[in-house]
Every structure is written in C-alpha cells, then in structure tokens.
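In: following is a predicted model, sequence given first.
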Amino acid sequence: DGGSDDNFHLSKNSPAIDRGSALAPSTDIDGLSRHDDPGMPNTQGSIVDLGAHEFQGSSLDVTPPAVVSIVPVDIVNGVAARLRVTFTEALNPVDANAQANYELRGAGENGIFGDADDVIFDLTPHYNPGSLSVVLDVAGGLPLAPLYRLSVSGSSTIHDLSGLALDGDGDGQPGGNYVQ
C-alpha cells in the first residue's frame with residue numbers, strides 16, 4: 001500500500017544480493033554502507049546489491065534474534081515515559097519501527113489479563129538502524145505499580161537483518177511472540 005510498514009529490505013539468499021553495479025553510491029537509501037555478504041558468491045564481481053537497500057545481514061546467519069531485556073526509562077514520580085527493549089542483534093528497521101509489532105497491556109482494576117477492563121497503551125517505537133534496542137514511547141506514561149504485559153511480535157514481522165523472525169518463545173527457532 002506504500003505505507004511506512006512496507007518492507008523492501010532484502011532477505012538472505014535474495015538473488016539481488018551482490019548483483020549490483022560497482023558504480024552505485026557507497027551508501028544505500030537508509031544511509032548504511034554497502035558491503036559484501038559472505039554467504040553469497042560474487043558471480044559478477046560486485047559486492048553491491050541491486051536496488052535501494054543493501055542487505056545488512058549474512059546469508060550464513062541461522063540464529064534468530066531474541067529479546068534480552070525490557071527496562072523502563074525516563075522515570076519521574078514512579079511513571080516511566082518509555083520502555084527500552086534490547087535484542088540480541090540488530091533488527092530490520094522497518095519491522096523494528098512498526099507500531100503494530102508491540103502491545104503494552106495493563107491488567108485493569110481486577111488484575112486479570114484478557115478481559116474487558118484491560119488497558120491498552122499507545123506505543124510509538126523508535127529504532128536506529130544497526131542498534132540493539134528499540135525505545136517505546138508510552139503515551140501518557142506508564143505507572144510502575146500495576147500489572148503490565150508487553151508483547152513483541154515474532155509470529156508476524158520482527159526480523160533480524162538476515163530475515164530471520166524473532167525467537168519470541170525462547171525455543172531457539174524463529175517465530176512465536178515474546179510476552180512478558
């Protein structure tokens with residue numbers, strides 16, 4: 001649809017990897033350096049990828065990303081303005097910045113998740129390409145006392161730079177949502 005959630009970054013083993021012209025700019029449309037993918041042969045003598053996005057991962061990568069920690073930040077009077085979610089490796093920037101990949105849910109007054117009194121917080125993700133952390137702005141702030149659950153999508157769209165989905169359920173395999 002042409003929206004900000006459209007992802008045209010290359011995934012591992014794409015036929016566009018290392019197939020571009022050596023006359024291409026030294027950085028891609030995201031400002032990231034052009035580099036060789038060690039898992040792809042340079043059959044045309046080029047390390048530059050076709051298209052606007054340079055593949056930043058490795059076709060040899062078999063380890064999916066995972067969530068390492070979630071830390072409330074910018075706390076004033078017991079209310080956090082943001083959450084920092086740290087991953088084991090850099091993420092695809094389109095996925096990392098997609099608001100639909102995160103849900104912060106409060107258990108409501110009865111303290112039970114999944115019923116009518118749950119509170120869903122509006123989150124705005126911020127990710128700098130190549131970094132290990134996503135900062136989630138929490139609209140209205142997050143009081144630290146009640147019960148909360150953060151979900152990070154691994155079943156649909158959080159991927160590393162090689163295109164491997166988040167290992168959200170901790171089984172060592174791509175897929176599954178991270179819920180804490």
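Out: Received it, and whenever you're ready, just let me know what you need.
In: quick check: the most centrally placed residue in the chain vs Thr86, distance?
Out: Closest residue to the average C-alpha location of the chain: Ala96 at 2.9 Å, with C-alpha atoms, centre = their mean. Relative to Thr86, Ala96 is positioned 12 Å away (C-beta to C-beta, to the nearest Å). Heads up, the C-betas are built off the backbone N, CA and C, glycines and all.
In: same check on Ser14?
Out: For Ser14, the distance to Thr86 - C-beta to C-beta - is 28 Å.
In: for Gly31, same thing?
Out: As judged by C-beta to C-beta, Gly31 and Thr86 stand 23 Å apart.
In: higher neighbour count, those two?
Out: Set Gly31 next to Thr86 and count neighbours by other C-beta atoms under 10 Å: Thr86 wins out with 13 against 7.
In: what sits against the more buried one?
Out: 67-71, 132-133 (C-beta atoms under 8 Å, 6 or more residues apart in numbering).
In: same deal with Ile120?
Out: Taking C-beta under 8 Å, 6+ apart as the definition, contacts of Ile120 comprise 103-106.
In: can we see that at 7 Å?
Out: 103, 105 (C-beta atoms under 7 Å, 6 or more residues apart in numbering).
In: what pLDDT is listed against it?
Out: pLDDT, Ile120: 95.
In: and it, that one's in a strand?
Out: Yes. Counting by DSSP: H, G, I helix; E, B strand; the rest coil, one finds Ile120 located in a strand.
In: could you measure from it over to Asn97?
Out: Counting by C-beta to C-beta, the separation of Ile120 from Asn97 is 19 Å.
In: also Val76?
Out: 25 Å.
In: quick one: low-confidence ranges for this structure?
Out: The model of the chain has pLDDT under 70 over residues 1-7, 11, 41-46.
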